[in-house]
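Colleague: Fold the following and give me the result.
(chains A and B)
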Amino acid sequence: MANEDKMKELDLQVLRHSCSHVLAQAVKRLYPNVKLGIGPAIDTGFYYDFDTETPFTPEDLEKIEAEMKKIVKENLKIERFELPRGEALALMQERDEPYKIELINDLPDDAVISFYKQGEFVDLCAGPHVNYTGKAKAFKLLSATGAYWKGSEKNKMLQRIYATCFANKTDLEEYLVQLEEAKKRDHNKLGRELELFTTSEYIGQGLPIILPKGSRIIQTLQRFVEDEEEKRGYLLTKTPLMAKSDLYKISGHWYHYKENMFIMGDEEKDKEVFALRPMTCPFQFQSYLAAARSYRDLPLRYGETSTLFRNEASGEMHGLIRVRQFTISEGHIACRPDQLEDEFKDCVDLALYMLKSVGLDSDVTYRFSKWDPNNKEKYIGSEEEWDKVQARMKVILDKLGIDYTEADGEAAFYGPKLDIQIKNVHGKEDTLVTIQIDFQLAERFGMEYTDSDGAKKYPYVIHRTSIGCYERTLALLIEKYAGAFPTWLAPVQVKVLSLSDRHNDYVSEIQNKFRENRIRVEIDTRNEKIGYKIREAQLEKVPYMLVVGDKELETGSVSVRSRKDGDKGSMSVDEFMNMILDEIKTRKL
RNA sequence: GCUGGUGUAGCUCAAUAGGUAGAGCAGCUGAUUUGUAAUCAGCAGGUCGCGGGUUCGAGUCCCAUCACCAGCUCCA
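Modeller: Down below sits the predicted model:
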């Protein structure tokens, strides 16, 4: 980013932060009893949290926005002042702002305590700010939602108002249009419109029904993944979808993951209690345990297209991105310490190859997810072990030369992770691919191998996905391509359109030929005008439409229309077939 | 799980202040045999998410519940 752009970005942050004060001032004017939380600038604008007895309605937002416009018009001077801790607390006491008092008490002893004042409004704030409220001309309130104080569900839920603000009206308008455009790509809307998936209230929340077209895309991805894993020496397993609680007690899931598991039976009453599997690891470990292992057997790479069940809280489900049942390209690699680096690198290589193949490689970021040393009960293993394995992982990551951020408290309960993150159309980030180093579960399960010196040792286990879970990946692909998938992924690759019913036999002939060559083809021989059929195929986002009439019938050709470029003229059936087969084979994006 | 919003035909949406549901598209039937983004006509389609309640009367008001959406928390 150029220096100038950075400055602009910074200016915008300051402006947005000031705009959040204007919002808070407006709220205090209209609802004096409301208590102030915090109001920072964010990527897309800003928010402010308020403690209020009666949540804000959409009508309230309109009133607040009108009041904000007044404050902007009043063009109040924004002034900074500092107070010693005692006086700062007294001021907030006097203004009856309990959350601000808590914030002051949280500040370190040597902190400078600053306030910003505009007209009658005063807020505890580090700043900086613009100098007059008149600068915040281009803003818009977007939504009101609940948000926990200090982000903890143990605390009271405050009311958050989200808004956006730009340097000028043009930028604001542009952003709002962009928001609307993004909504059109939303997989949850588009995926249903394109008949890729649906949901049923009789089946339940977080349990999407993948329709034939969506299934075809997933199948294409799955075949690709399984073939590639086979090439890379993976061993395929088919393990059960459920197990007795005994298994999860060994793995630790029973103690660290129970609230996310679907458990069948009552521990008090039943002799055996079963649970649907939330992860595949303990199952694939049984495969390792099926024979005595030598150092020569390692690495052992197990792969499985694995369906998992996780009992997510009801409010957490989202389209295909967050569901209760999903299928994932799951894999576990047992390896010796000296193999760890190469195996890890191969996992990253595999994931990147997959992402590149579907065109998502430039949309992801990397996160090194570590444990939280202040929250040890969430994890198994000792501090020394965690430090050691995290240090080793860091070395590997640095050698890979990828640009990653570090995140405390994001590790799995059994080990640190490299998470490949992606943002959806609403800007919300999720994990697409994860590669984890597990230094503990092998020992728990007694997964030994005999080393060259005759000693029994435990291998490292890498838990990894190669393309993430298929539901989520499909969702992101829908959004990436706005439903217009590359030909190799498209559920329908060609649609053959007849001009009139005398051409129907020829259409069927072409259909059969394409099917034999595994080109996904549909035909439209309805008694409709060609323009109508084209419009429909175009809205279904089919990559190629073939128009056939008398001319084509006589010469054994087809008239090709591409979704992207329109009419491409005529060519022979074989010529077209070779072209599209090549496009599919090379996975052209 | 929490906060707020939404729920009328397959889809998109109407229904004045509570008086018994309407349109476009899709579907079906018929006519039209069509040359690159919508041919015309007719027909059919709804226990207004589900369950209670208030009322002479509820799509409209109240309660509960389910699902969907945005956000928080949580996560692949």
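
Colleague: The nearest residue to A:Leu124 once chain neighbours are set aside: which element?
Modeller: Counting by Cβ to Cβ, 6 or more residues apart in numbering, A:Lys100 is the residue found nearest to A:Leu124 once chain neighbours are left out, at 4.6 Å. Every residue, glycine included, has its C-beta placed from N, CA and C. Assessed by DSSP states H and E, A:Lys100 sits inside helix A:98-106.

Colleague: cool, A:Tyr302 as well?
Modeller: Using DSSP H and E, the element containing A:Tyr302 is strand A:300-309.

Colleague: helices and strands around that strand, which ones?
Modeller: The contact analysis (3 or more Cβ pairs under 8 Å, 6 or more residues apart in numbering; DSSP states H and E) places strand A:300-309 against helix A:212-231, strand A:235-236, helix A:281-288, strand A:325-335.

Colleague: gap between the longest helix seen in chain A and the chain center?
Modeller: Determined from DSSP state H, the single longest helix within chain A is helix A:3-30. Distance, stretch centre to chain centre, for helix A:3-30: 28 Å (Cα atoms, centre = their mean, to the nearest Å).

Colleague: Sheet partners, orientation included, of whichever helix or strand comes after it?
Modeller: Using DSSP H and E, the next helix or strand after helix A:3-30 towards the C-terminus is strand A:35-36. In its sheet, strand A:35-36 lies beside strand A:45-51 (antiparallel), with partners assigned from DSSP bridges.

Colleague: touching RNA strand B at all, the strand it pairs with?
Modeller: No. Judged by Cβ under 7 Å from any atom of the strand, strand A:45-51 and RNA strand B are separated, with a smallest distance of 8.1 Å.

Colleague: Pull the helix or strand following that strand out as PDB, backbone CA atoms only.
Modeller: Moving toward the C-terminus from strand A:45-51, the next helix or strand (DSSP H and E) is helix A:58-74. What follows is helix A:58-74, C-alpha atoms only, in PDB (Å, rounded to 0.1, in the frame of the first residue of the first chain):
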ATOM      1  CA  PRO A  58     -35.600   0.300  13.300                       C
ATOM      2  CA  GLU A  59     -37.700   3.500  14.000                       C
ATOM      3  CA  ASP A  60     -35.300   4.400  16.800                       C
ATOM      4  CA  LEU A  61     -32.400   4.200  14.400                       C
ATOM      5  CA  GLU A  62     -34.100   6.700  12.100                       C
ATOM      6  CA  LYS A  63     -34.600   9.100  15.000                       C
ATOM      7  CA  ILE A  64     -31.000   8.600  16.100                       C
ATOM      8  CA  GLU A  65     -29.700   9.200  12.600                       C
ATOM      9  CA  ALA A  66     -31.800  12.400  12.400                       C
ATOM     10  CA  GLU A  67     -30.300  13.600  15.700                       C
ATOM     11  CA  MET A  68     -26.800  12.800  14.500                       C
ATOM     12  CA  LYS A  69     -27.400  15.000  11.400                       C
ATOM     13  CA  LYS A  70     -28.300  17.800  13.800                       C
ATOM     14  CA  ILE A  71     -25.100  17.300  15.700                       C
ATOM     15  CA  VAL A  72     -23.100  17.300  12.600                       C
ATOM     16  CA  LYS A  73     -24.800  20.500  11.500                       C
ATOM     17  CA  GLU A  74     -24.100  22.100  14.900                       C
END
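
Colleague: now the residue of the stretch 101-250 of chain A found nearest RNA strand B, what's its secondary structure?
Modeller: RNA strand B sits closest to A:Gly146 of the stretch 101-250 of chain A, with a gap of 2.7 Å, by Cβ to the nearest atom of the strand. The three-state assignment at A:Gly146 reads strand, by DSSP: H, G, I helix; E, B strand; the rest coil.

Colleague: Hmm, A:Ile161 and it touching each other?
Modeller: No. In this structure A:Gly146 lies outside contact range of A:Ile161 using Cβ atoms under 8 Å: 11.1 Å.

Colleague: Tell me which of the two has more neighbours.
Modeller: Set A:Gly146 next to A:Ile161 and count neighbours by other Cβ atoms under 10 Å: A:Ile161 wins out with 26 against 11.

Colleague: who's in contact with that one?
Modeller: A:23, A:27, A:47-48, A:50, A:56, A:61, A:64, A:141, A:143-144 (Cβ atoms under 8 Å, 6 or more residues apart in numbering).

Colleague: and what of A:Leu172?
Modeller: So A:Leu172 contacts A:138-140, A:164-166 (Cβ under 8 Å, 6+ apart).

Colleague: Ranking by neighbours, what's the top pick from the residues you listed?
Modeller: Of those, A:Cys165 is surrounded by the most neighbours, 27 neighbours in total, counting by other Cβ under 10 Å.

Colleague: returning to what we had before: summarise which helices and strands the helix holding A:Lys100 is packed against.
Modeller: Using 3+ Cβ pairs under 8 Å, 6+ apart, helix A:98-106 sits against strand A:35-36, helix A:85-94, strand A:121-124.

Colleague: The helix or strand that the first one is followed by pairs with which strands?
Modeller: Just to be clear, that refers to strand A:35-36. Counting by DSSP H and E, the next helix or strand C-terminal to strand A:35-36 is strand A:41-42. Partners of strand A:41-42 in the sheet, by DSSP bridges, are strand A:45-51 (antiparallel).

Colleague: which residues are in contact with the partner strand?
Modeller: For strand A:45-51, contacts defined as Cβ under 8 Å, 6+ apart pick out A:16-17, A:19-20, A:23-24, A:27, A:34-40, A:56, A:99, A:139, A:142, A:147, A:149, A:156, A:158-165.

Colleague: Please repeat the previous calculation with a cut-off of 6 Å.
Modeller: Residues from elsewhere that reach strand A:45-51 (Cβ atoms under 6 Å, 6 or more residues apart in numbering): A:16, A:19-20, A:23-24, A:27, A:34-35, A:37-39, A:147, A:158-165.

Colleague: Would you mind listing the buried residues in it?
Modeller: Applying a neighbour-count criterion of 16 or more other Cβ atoms under 10 Å, one finds A:45-51 buried in strand A:45-51.

Colleague: Let me see the mean pLDDT of that strand.
Modeller: Strand A:45-51 shows a mean pLDDT of 92.

Colleague: Give me the angle between it and helix A:3-30.
Modeller: Strand A:45-51 runs at 30 degrees relative to helix A:3-30, counting by axes from the mean of the first three to the mean of the last three Cα atoms, to 10 degrees.

Colleague: Tell me where the model's unsure across chain A.
Modeller: A:1-7 (pLDDT under 70).

Colleague: Next, name the residue at the spatial heart of it.
Modeller: Nearest to the geometric centre of chain A sits A:Asp430, at 2.5 Å (Cα atoms, centre = their mean).

Colleague: contacting residues for that residue?
Modeller: A:Ile321.

Colleague: can you count the residues close to A:Trp149?
Modeller: A:Trp149 has 17 neighbours, counted by other Cβ under 10 Å.

Colleague: go on, the one 3 residues further on?
Modeller: For A:Ser152, the number of neighbouring residues by other Cβ under 10 Å comes to 8.

Colleague: sorry, back to before: now do the residue nearest to the centre of chain A against A:Leu308, distance only.
Modeller: Using Cβ to Cβ, to the nearest Å, A:Asp430 is found at 16 Å from A:Leu308.

Colleague: A:Thr237 now?
Modeller: 14 Å.

Colleague: List the buried residues of stretch A:65-85.
Modeller: Result for stretch A:65-85 [16+ other Cβ under 10 Å]: buried residues A:65, A:67-68, A:71-72, A:76, A:78, A:83.

Colleague: thinking again about what came up before, run through who's touching the strand holding A:Tyr302.
Modeller: Taking Cβ under 6 Å, 6+ apart as the rule, strand A:300-309 contacts A:222, A:229, A:233-237, A:262, A:276-278, A:280, A:284, A:287, A:325-328, A:330-334.
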